[in-house]
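Undergrad: just need the structure, nothing else, for what follows:
(one chain, ligands or ions: 1)
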Amino acid sequence: MARDGQGLEVSNASAEAIASLDFLRDEWLAFGNRLADFVTAADREAHCAMLPLMAACLVLSMNSNEGRDAARRHLARAKDMAAGANPREQAWLASVEAWIAGDTDRCLALHDDMATRWPRDLLAGKIGQLHAFNCGDAEALMRIGERLFAANPDNRYVHAMYAFGLEECHRLDEAETLARRALAIDRRDPWAHHAVAHCLEARGRLLEGAAFLESMADTWESCNSFMYTHNWWHLALFLIDLDRTDEALGLFDKRVWGVWKEFCEDQINAISLLARLELRGVDVGERWTDVAHYLKPRLHEHLVPYLDLQYLYGLARAGEHSAVTEMLASLEDRAETAKPFEREVWADGVVPAAHGLAAYAKADHAEAARLLGQAMPYLQKIGGSIAQRALFGAIHLDALMQSGWNDAALALLQADDRERPTVPWTKRMLGVVYRRVGRMEQALATEYQAEQLARQYARGRPT
Ligand SMILES: [Fe+2]
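TA: Purely as a prediction, here's the structure:
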């Protein structure tokens, strides 16, 4: 039986089919922009089930109804070619079927098992990590990375896969070391850049984070739009915390928005960046209008909760009131019909958070604070990374501040400042709340620290 470049047996595979599968693995792990070539090859393939199966995974990872429809067609073709499928291929068939059915818990269980039985199957691990990410299961994200790393210690891509899982489990030192080791092998690894960015962001190493990403950005030109726009988004986050919001807005226009406006990942990078800029008082002009135009087809998708919440916020900020009303009702229906494993996240997390975001967007801050506060304990399970979910925490905090809920705002700000003591804005907001509650000495001290940090960052700013 033929074997792929990882030594895995592939049924009914010609040399050409093996070459296509090897191409896909490398291109996917490198976040390359030639993935559509693989779908073309899969459409031509008549014998090897793994090609249409992998094509189904690719289109499913787009998180759209069209992607799901296309995946059904690929899966039907794969089943026609699946006579004699080996156990690994049968596991792939089952996982694609479960993905199409929306059984994310089963997908994750299958890929968890695949990572144990076939840790050389890097795409099984990659997609397993994607499911873990979409469920907010950081432990599974790390565990799958760990198993792959043990079986592929020399593979640079696997370093970054494990590193990101470690970072999401707050094991920052190990994560950064591993991601930098990947870059010592080859500096052109956008997922390793991404893992380092998360580690530096989590610690508030702002100047270092911005300089690091700027020094690697020349390698992102051949990236697909997710990786390209997302790594630029990460750079924008550092710039915002460095008080360089004008540059971050410039990145929105030049890098983050405009590559592939129909794609969910581009959309959420854009929404999250505009929202974060507004939270720092930046006027983003008419930019919401264009983003919202591309969100309107998504009102009833509800594939991954953290995507839905961001779509809803983008529509709300654009003033698309009827779309927001329709989407809120649709999210409530989604929660009512949720499968047991996901009921809590949709009913207790997404629905109150969505209403809270809609309230915040129309400046009903007290209602936003109340509803977002209800949702916060369930927020990890909506999926996404710690850095992505931080947007909802930031909106909740602002709602608390705006509605004068000083004790709760103070507790959040103090926690933020303990974790990332290098952000001038956090200290400024601490100063505001300390003044409100009459703690003048602490207000003056934090305001002084904010000023010192801002001066230090201004000196490091390019002229
Ligand atoms: Fe990220």
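
Undergrad: show the contacting residues for residue 430.
TA: 410, 413, 414, 417, 442, 443, 446 (C-beta atoms under 8 Å, 6 or more residues apart in numbering). No exception for glycine: its C-beta is placed from N, CA and C like everyone else's.

Undergrad: quickly find the element holding the fifth one.
TA: Following DSSP states H and E, one finds residue 442 within helix 440-459.

Undergrad: tell me how far that helix lies from the chain's centre.
TA: 32 Å (C-alpha atoms, centre = their mean, to the nearest Å).

Undergrad: before we move on, what about stretch 331-341?
TA: 22 Å.

Undergrad: in that stretch, what's buried?
TA: 331, 332, 334, 335, 338 (16 or more other C-beta atoms under 10 Å).

Undergrad: dump the residues you listed to JSON lines, plus secondary structure.
TA: Formatted as JSON lines, the buried residues of stretch 331-341 follow (DSSP: H, G, I helix; E, B strand; the rest coil):
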{"residue": "331", "secondary structure": "helix"}
{"residue": "332", "secondary structure": "helix"}
{"residue": "334", "secondary structure": "helix"}
{"residue": "335", "secondary structure": "helix"}
{"residue": "338", "secondary structure": "coil"}
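
Undergrad: list just the nearest of those to residue 429.
TA: Nearest to residue 429 among the buried residues of stretch 331-341: residue 331, at 30.4 Å, using C-beta to C-beta.

Undergrad: chain neighbours aside, what residue packs nearest to that closest one?
TA: Leaving aside its chain neighbours, residue 331 sits nearest to residue 354 (5.2 Å; criterion: C-beta to C-beta, 6 or more residues apart in numbering).

Undergrad: now swap in residue 314 and tell me
TA: residue 271 (4.1 Å).

Undergrad: coming back round to it: name the helix or strand for the residue nearest to residue 331, please.
TA: Judged by DSSP H and E, residue 354 forms part of helix 351-361.

Undergrad: tell me which residues in the next helix or strand after that helix are buried?
TA: Going down the chain from helix 351-361, the next helix or strand is helix 365-375, by DSSP H and E. Under the neighbour-count criterion of 16+ other C-beta under 10 Å, helix 365-375 has 365, 367, 368, 369, 370, 371, 372, 373, 374, 375 buried.

Undergrad: which one of those residues is nearest to residue 47?
TA: The closest of the buried residues of helix 365-375, once distances to residue 47 are taken by C-beta to C-beta, is residue 375, at 49.2 Å.

Undergrad: the closest one touches residue 349, doesn't it?
TA: Yes - in this structure, residue 375 is within contact of residue 349 by C-beta atoms under 8 Å, at 5.2 Å.

Undergrad: which residues touch residue 286?
TA: Residue 286 makes no contacts at all, as judged by C-beta under 8 Å, 6+ apart.

Undergrad: separation between it and residue 393?
TA: Remark: distance between residue 286 and residue 393 (C-beta to C-beta, to the nearest Å) = 27 Å.

Undergrad: secondary structure class for the residue nearest the centre of the chain?
TA: By C-alpha atoms, centre = their mean, the chain has its centre lying nearest to residue 384, at 4.4 Å. Three-state assignment for residue 384 (three-state DSSP): coil.

Undergrad: try residue 83
TA: coil.

Undergrad: neighbours of it, how many?
TA: Residues near residue 83, counting by other C-beta atoms under 10 Å, number 9.

Undergrad: for it, what are its contacts?
TA: Contacts of residue 83 by C-beta under 8 Å, 6+ apart: none found.

Undergrad: do residue 59 as well
TA: Here residue 59 is in contact with 39, 66, 67, 68, 70, 71, 74 (C-beta under 8 Å, 6+ apart).

Undergrad: what helices or strands is the helix or strand hosting the third one leaning on?
TA: In other words, residue 67. Residue 67 belongs to helix 65-80 when assigned by DSSP H and E. For helix 65-80, the packing partners by 3 or more C-beta pairs under 8 Å, 6 or more residues apart in numbering; DSSP states H and E come out as helix 50-60, helix 87-100.

Undergrad: of those helices, which approaches residue 264 most closely?
TA: helix 50-60 (12.0 Å).

Undergrad: can you give me the angle that closest one makes with helix 65-80?
TA: If you take axes from the mean of the first three to the mean of the last three C-alpha atoms, to 10 degrees, helix 50-60 sits at 170 degrees to helix 65-80.

Undergrad: return the most buried member of the helices and strands packed on helix 65-80.
TA: Of the helices and strands packed on helix 65-80, the one with the most neighbours on average (mean count of other C-beta atoms under 10 Å) is helix 50-60, at a mean of 25.

Undergrad: list the contacts of the closest residue to residue 320 other than its chain neighbours.
TA: Leaving out its chain neighbours, the residue that sits closest to residue 320 by C-beta to C-beta, 6+ apart is residue 292, at 5.3 Å. Neighbour list for residue 292: 314, 315, 317, 318, 320, 323 [criterion: C-beta under 8 Å, 6+ apart].

Undergrad: on that earlier part again, got CSV for the helices and strands packed on helix 65-80, with distance to residue 307 too?
TA: Converted to CSV, the helices and strands packed on helix 65-80 look like this (distance: least, C-beta to C-beta, whole Å):
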stretch, distance to residue 307
helix 50-60, 14
helix 87-100, 15
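
Undergrad: take the ones you listed and write them to JSON lines, including distance to residue 177 and mean pLDDT.
TA: Shown next, in JSON lines, are the helices and strands packed on helix 65-80 (distance: least, C-beta to C-beta, whole Å; pLDDT from 0 to 100):
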{"stretch": "helix 50-60", "distance to residue 177": "30", "mean pLDDT": "98"}
{"stretch": "helix 87-100", "distance to residue 177": "32", "mean pLDDT": "98"}
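
Undergrad: nearest to residue 242, of those helices?
TA: Nearest to residue 242, of the helices and strands packed on helix 65-80 and by C-beta to C-beta, is helix 50-60 at 36.7 Å.

Undergrad: just how off-centre is the closest one within its chain?
TA: 21 Å.

Undergrad: got the angle between it and helix 87-100?
TA: Using the same axes, to 10 degrees, helix 50-60 lies at 30 degrees relative to helix 87-100.

Undergrad: give me the neighbour count for the closest residue to residue 303 other than its chain neighbours.
TA: Leaving aside its sequence neighbours, residue 303 sits nearest to residue 63 (C-beta to C-beta, 6+ apart; 4.9 Å). Close neighbours of residue 63, defined as other C-beta under 10 Å, add up to 19.

Undergrad: what's the helix or strand for residue 63?
TA: Applying DSSP H and E, one finds residue 63 in no helix or strand.

Undergrad: so where is the stretch 51-200 of the chain shaky, pLDDT-wise?
TA: Judged by pLDDT under 70, the stretch 51-200 of the chain has no weakly predicted residues.

Undergrad: pLDDT value on the spatially closest residue to the residue nearest to the centre of the chain that is not a sequence neighbour, please?
TA: Closest residue in space to residue 384, ignoring its immediate chain neighbours: residue 306 at 3.8 Å, by C-beta to C-beta, 6+ apart. Predicted confidence (pLDDT) for residue 306: 96.

Undergrad: okay, domains of the chain per the record?
TA: 1-137, 406-459 (automatic domain parsing).

Undergrad: JSON lines for these, including distance to residue 251?
TA: Converted to JSON lines, these look like this (distance: least, C-beta to C-beta, whole Å):
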{"stretch": "domain 1-137", "distance to residue 251": "19"}
{"stretch": "domain 406-459", "distance to residue 251": "17"}
